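>>> predicted model and sequence follow; I will ask about them next.
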Amino acid sequence: MTRKECNRSKHLENTYGITLLEYEKLWFMQSERCAICKTEKVGKHGTAAVDHDHETGEVRGLLCSRCNTGLGFFKDNTTYLKNAIDYLENHAEKVFDTLMNSDSPIWMGETRSYCIPHDYKEDRSRI
């Protein structure tokens with residue numbers, strides 16, 4: 001075992017409680033792809049991140065750096081993730097459609113100005 005492999009093995013055992021062999025088996029079982037997005041490009045060092053439950057320490061799988069970071073930003077909270085999915089599938093499109101099909105000006109919050117749609121009539125009495 002090379003020094004790099006030895007260091008990696010110690011890190012895996014000390015941090016996640018798995019051996020390098022267990023890591024490699026898990027990677028093989030995932031078809032050598034990220035468990036979420038299925039990419040083969042896992043990270044700048046060529047190794048997948050070990051995804052684990054931060055409360056129990058249980059290893060869930062191996063992820064590319066983007067998916068691992070994404071889960072981290074959502075704090076592993078499934079409600080946040082479901083809300084994000086709902087937003088992507090529904091809300092963002094509805095908001096855009098509403099804005100584009102609106103016949104009234106749109107208040108731009110802190111800027112204290114209006115954004116007038118390009119086809120808005122000159123009838124300023126509605127503002």
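Here it is on my side, so go on. Numbering: from 1, shown residues only.
>>> can we go C-alpha only for contacts and neighbour counts from here?
Fine.
>>> would you map the strands across this structure?
Per DSSP state E, the chain has strands spanning 49-52, 59-63, 106-107, 114-115. These are given in chain order.
>>> quick one: low-confidence residue ranges for the protein.
92-93, 95-96, 99-100, 102-127 (pLDDT under 70).
>>> for it, what's the longest helix?
helix 3-16 (DSSP state H).
>>> what helices or strands is that helix leaning on?
helix 20-29 (3 or more C-alpha pairs under 8 Å, 6 or more residues apart in numbering; DSSP states H and E).
>>> can you give me the neighbour number for Tyr87?
Using other C-alpha atoms under 10 Å, Tyr87 is surrounded by 13 other residues.
>>> any idea how far Asn14 is from it?
38 Å (C-alpha to C-alpha, to the nearest Å).
>>> over to Asp97?
Per C-alpha to C-alpha, Asp97 is found 51 Å from Asn14.
>>> hang on, the earlier thing: so which bits of the longest helix of the chain are buried?
Of all the residues in helix 3-16, those buried under the rule 16 or more other C-alpha atoms under 10 Å are Ser9, Lys10, Leu12, Tyr16.
>>> where do the domain boundaries of the protein fall?
When the chain is parsed with automatic domain parsing, its domains come out as 3-73, 78-126.
>>> which one of those domains is the most hemmed in?
domain 3-73 (a mean of 15; mean count of other C-alpha atoms under 10 Å).
>>> what about that one, start to end distance?
End-to-end distance (C-alpha to C-alpha), domain 3-73: 33 Å.
>>> list the contacts of the residue nearest to Gly61 when sequence neighbours are not counted.
Leaving aside its sequence neighbours, Gly61 sits nearest to Asp51 (C-alpha to C-alpha, 6 or more residues apart in numbering; 5.3 Å). Residues in contact with Asp51 (C-alpha atoms under 8 Å, 6 or more residues apart in numbering) are Val59, Arg60, Gly61, Leu62, Leu63, Asn68.
>>> the same query, at a cut-off of 6 Å, please.
Val59, Arg60, Gly61, Leu62 (C-alpha atoms under 6 Å, 6 or more residues apart in numbering).
>>> one more: Arg33?
Thr39, Glu40.
>>> many thanks, have a good one.
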